[in-house]
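Visitor: I'll drop the sequence and a predicted model, then ask my questions.
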Amino acid sequence: KKKKKKKKKKKKKKLMGIAEPNLLYIGNFTQNHKGSTPTTSAELMGRFKQWGFIVRSASSAKAKSRRMWDMVYLLLRYGAKGTIIIIDTYSTQNFYYAVFIGFLCRVKGLSYIPILHGGDLPCRWKHSPTLAKNYFGNALINIAPSNYLAELAAAQGYKVTVIPNGIDLSQYPLKIDRQETYTILWVRAFASIYQPQLALEVLQLLSDDYPEAKLIMVGPDKENLLTSCVQYGQEHNLEVSFTGKLSKAAWIARSQEASVFINTAKIDNTPVSVVEAMALGLPVVSAAVGGIPALISEGHNGLLVPSMSAKDFAQKIAAIWDKPSDAIDIAKNARATAEQFDWSVTKSLWLDLLLWDTKK
């Protein structure tokens with residue numbers, strides 16, 4: 001009799017040793033509400049699904065109390081042994097949401113991975129040391145999107161690895177020579193932390209030497225600051241375009257009009273908007289706060305402003321406009337930096353962390 005050949009079973013990749021890659025994602029998924037912007041959480045969740053994970057998430061609710069309930073329900077309903085929980089973690093009020101979810105995970109014996117957001121987390125570690133130690137210290141591992149936050153987390157004794165926020169580089173057409181225009185691009189929400197009026201003050205100073213200078217401001221009105229910004233522009237006869245919230249494709253299209261990108265945030269980590277501007281070949285002039293100096297090297301792939309002075313911002317932008325050859329070098333180097341954030345790179349980092357192949 002002929003021996004029957006045994007069929008070789010295909011070995012599956014496993015998530016933390018479990019064949020079915022179940023993942024719960026606790027974060028902010030409110031991007032579909034009016035006035036909200038696309039979130040890195042929503043983009044990452046979509047990528048997880050593309051990579052074969054079974055993903056459940058919370059929450060898309062706009063009301064904070066409902067959002068918290070959704071998160072707790074998701075964890076209690078679907079949190080099982082072998083399921084990994086990813087928790088977006090910020091330094092503001094949302095920090096307490098994350099801490100509570102982390103506590104429930106520990107009660108249920110579940111592993112969780114915080115993703116560190118916001119350049120102000122070190123202040124949170126300082127002001128809430130016990131909560132921070134219990135939450136971050138008991139995590140399976142903490143994900144930092146920048147070396148800046150990773151180094152600070154490691155100094156606290158927390159296990160941490162770096163996985164940058166990903167972008168799809170193919171969506172960002174590279175434009176190197178932008179010196180035919182004196183237009184500045186600003187892309188953030190109209191919120192006090194991002195200082196939109198500072199960008200207008202910079203334009204006002206530049207208008208004395210560059211009468212054709214313009215400013216494009218893209219973003220939703222988060223704290224009712226848009227009206228005062230519009231009034232400021234009108235009072236000083238500034239050439240400003242307020243676009244409101246735009247889709248990614250729409251603001252990328254508007255970016256082709258600009259020759260400089262300005263980042264006026266008080267606190268920052270590694271903002272995706274800045275990385276996107278670098279991918280487009282836009283020279284970035286940014287406040288030297290948080291993780292920005294770890295992303296931008298002065299004069300190499302952008303320019304840094306150590307103060308929050310409109311005059312200092314204006315001088316840096318003027319330097320770019322006055323030296324087109326330097327601007328071109330900065331644009332090329334900025335694009336090379338942005339290439340490190342492409343999903344082809346970040347995907348392998350995530351899969352190396354969450355998956356391993358059982359092949360011998």
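Guide: Here it is on my side, so go on.

Visitor: so how far is residue 252 from residue 117?
Guide: 23 Å (CB to CB, to the nearest Å). Every residue, glycine included, has its C-beta placed from N, CA and C.

Visitor: neighbour count: the two, which is higher?
Guide: Comparing residue 117 with residue 252 by other CB atoms under 10 Å, the one with more neighbours is residue 117, at 27 against 18.

Visitor: okay, now the unreliable bits of the stretch 101-250 of the chain?
Guide: Under the criterion pLDDT under 70, no range of the stretch 101-250 of the chain is flagged.

Visitor: tell me where it has strands.
Guide: Assigned by DSSP state E, counting those that start in this stretch, the strands in the stretch 101-250 of the chain fall at 112-116, 142-144, 160-162, 183-187, 214-218, 240-244.

Visitor: mind giving me a markdown table with the ones you listed and columns for distance to residue 88 and mean neighbour count?
Guide: Formatted as a markdown table, the strands of the stretch 101-250 of the chain follow (distance: least, CB to CB, whole Å; neighbours: other CB atoms under 10 Å):
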| stretch | distance to residue 88 | mean neighbour count |
| --- | --- | --- |
| strand 112-116 | 5 | 23 |
| strand 142-144 | 10 | 25 |
| strand 160-162 | 15 | 17 |
| strand 183-187 | 21 | 25 |
| strand 214-218 | 23 | 22 |
| strand 240-244 | 25 | 15 |
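
Visitor: so for residue 345, which of the ones you listed sits nearest?
Guide: strand 160-162 (11.4 Å; CB to CB).

Visitor: note down every partner strand of that closest one and its orientation.
Guide: According to DSSP bridges, strand 160-162 forms sheet pairs with strand 142-144 (parallel).

Visitor: which residues sit against the strand it pairs with?
Guide: Contacting residues not belonging to strand 142-144 are listed as 113-116, 136, 150, 153, 158-163, 353 [CB atoms under 8 Å, 6 or more residues apart in numbering].

Visitor: again, but for stretch 250-259
Guide: Stretch 250-259 is contacted from outside by 171-173, 175, 178-185, 187, 216, 218, 243, 246, 261, 276-277, 280, 282-283, 320-321, 327, using CB under 8 Å, 6+ apart.
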